[in-house]
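Visitor: Generate a structure from the sequence data that follows.
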Amino acid sequence: MRVLLDHCVPARLAAALAPLAVRTVRDVGWETAGDVEVLRRAGPRFDAFVTVDRRIALAPVPPGLVVVVLHARTNRLADLVPLASAVRRAVETAPRGTVVAVGA
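Guide: Okay, the predicted model is just below:
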């Protein structure tokens, strides 16, 4: 499964999401694009988009993409790693075209 991490999610979270194939918005050169544009671009290239930005739920989600919104105390790696198994589960099982909240 191909996963794109938003710029507000530490890139080092990718290791905790193995065996998913994880790239970052920066890796693909989209760091200056807005939320709607990133989702539009990600739709055909990725299976999931992971973010801590709760406002993303207001953006249209492409039909082939799952948006996973992490709910943690902060966006620091130490607060996000405990959510990794739930993120993997959401990426693998959530219906495409939906937004899924993971965490508290």
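
Visitor: and the longest helix that the chain contains, what other elements does it pack with?
Guide: As assigned by DSSP state H, the longest helix anywhere in the chain is helix 84-93. In this structure, helix 84-93 packs against strand 48-51, strand 66-71, strand 99-103, with contacts taken as 3 or more Cβ pairs under 8 Å, 6 or more residues apart in numbering; DSSP states H and E. All C-beta atoms are positioned from the backbone trio N, CA, C, and that covers glycine.

Visitor: Need the winner for burial among those strands.
Guide: Mean neighbour count (mean count of other Cβ atoms under 10 Å) peaks for strand 48-51 among those, with a mean of 27.

Visitor: Name the strands paired with it and say parallel or antiparallel.
Guide: strand 2-5 (parallel), strand 66-71 (parallel) (DSSP bridges).

Visitor: For this structure, give me the ranges with low pLDDT.
Guide: Applying pLDDT under 70 to the chain flags no residue at all.

Visitor: and the longest helix of the chain, which residues are buried?
Guide: The neighbour-count criterion (16 or more other Cβ atoms under 10 Å) identifies 84, 87, 88, 90, 91 as the buried residues of helix 84-93.
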